[in-house]
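>>> Have a look at this fold, sequence not included:
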């Protein structure tokens, strides 16, 4: 029973810890008059993927690489099919031209790059079946290119001046407490989630990959779900899709890149099927934006994405 309790509490700590760390870091940045655009492209993006990052690093250090990879692949699939599906059902989502033509294709490219680095043995029979440190560096290089591209887009449309609202910041002690509380919550939350996943998998004879690609993936996608639903209700419809695509790119290029540099990640034999599923799902999302109302994700498409997600979960259960 304690395992289940800590597993659930771990999720709560991960989400709350990420929120505290992002708010504290944003306040610290504002205190030093760092422009909001820079904060948004670094701290906020980093914060939405913090749960996946912590789970991946802890899982890799404990040798539970199936949990790390499963969390990323499952989280990206749930972001598109589950989160965008639910959000589109609530309210049809408009999508910016840049998101439709550049960011979604870039997310597909990121997934293809992941497939290439995972399949090193196909190109070199002597290479081990893992994401090596060199592979991790390659992923991080592409991540830097994406960040530079994103900054370039915003620089063209916005100045990097600090507004009056940014100059209002919290007191230094409060900022320190928020950052430290966030870090502690993330560490223990991540530890309890990983430990709980391993124990639950062993208890029910289920693979760690399935646990991570479903339960952990959905849990770590909760921040994106809340953000997207709130954005939809506030009529910030393009923000909902943009946040999801950005998070998926961040998960693959940054989270897996950092994790592989810290410790190479062994890859399961059947991982290519899941990656192909993610590539196909991304292509479906891209296609949806040009079917029906142009650059809009409609309710029927949201229902379709939810059905696709249910199909993936059923597939995982059957595969065992």
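Yep, it's here. Everything quoted here is computed from the prediction, not taken from an experiment.

>>> To which secondary structure element is the closest residue to residue 222 other than its chain neighbours assigned?
In this structure, residue 222 finds its nearest non-sequential neighbour in residue 15, 5.7 Å apart by CB to CB, 6 or more residues apart in numbering. In short, each C-beta sits where N, CA and C put it, glycine included. Using DSSP states H and E, residue 15 sits in helix 2-31.

>>> same deal with residue 257?
Residue 257 belongs to helix 256-262, assigned by DSSP H and E.

>>> pLDDT weak spots in the stretch 151-300 of the chain?
Scanning the stretch 151-300 of the chain for pLDDT under 70 picks out 153-170, 236-240.

>>> Okay, helices next: where are they in it?
Residue ranges of the helices in the stretch 151-300 of the chain, as given by DSSP state H, counting those that start in this stretch, are 164-167, 172-204, 208-211, 217-220, 222-233, 237-250, 256-262, 271-288, 299-319.

>>> Just to check, residue 277 is in contact with residue 313?
No. Residue 277 is beyond contact range of residue 313, at 11.3 Å (criterion: CB atoms under 8 Å).

>>> Neighbours of residue 79, how many?
Residue 79 has 28 neighbours, counted by other CB atoms under 10 Å.

>>> And for residue 292?
Neighbours of residue 292 using other CB under 10 Å come to 12.

>>> Return the distance of the nearest residue to it once chain neighbours are set aside relative to residue 123.
With sequence-adjacent residues excluded and distances taken as CB to CB, 6+ apart, residue 292 is closest to residue 298, at 5.4 Å. Distance check for residue 298 against residue 123: by CB to CB, to the nearest Å, it reads 41 Å.

>>> between those two, who's got more neighbours?
Neighbour count, other CB under 10 Å: between residue 298 and residue 123, residue 298 has more, with 16 against 8.

>>> List the contacts of the more buried one.
88, 92, 288, 292 (CB atoms under 8 Å, 6 or more residues apart in numbering).

>>> Which PyMOL command selects the buried ones in these?
Remark: buried members of the contacts of residue 298, expressed as a PyMOL selection using 16 or more other CB atoms under 10 Å:
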select buried, resi 88+92+288
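
>>> Return the member of the contacts of residue 298 nearest to residue 217.
residue 88 (19.3 Å; CB to CB).

>>> re earlier: tell me how many other residues crowd the residue nearest to residue 222.
20.

>>> Can you list the low-confidence ranges for the stretch 1-150 of the chain?
26, 29, 33-47, 98-99, 126.

>>> can you pull out the strands in it?
For the stretch 1-150 of the chain, the strands defined by DSSP state E, counting those that start in this stretch occupy 93-94, 130-131.

>>> Any chance of CSV for those strands, columns distance to residue 264?
Listed next are the strands of the stretch 1-150 of the chain as CSV, based on distance: least, CB to CB, whole Å:
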stretch, distance to residue 264
strand 93-94, 38
strand 130-131, 5
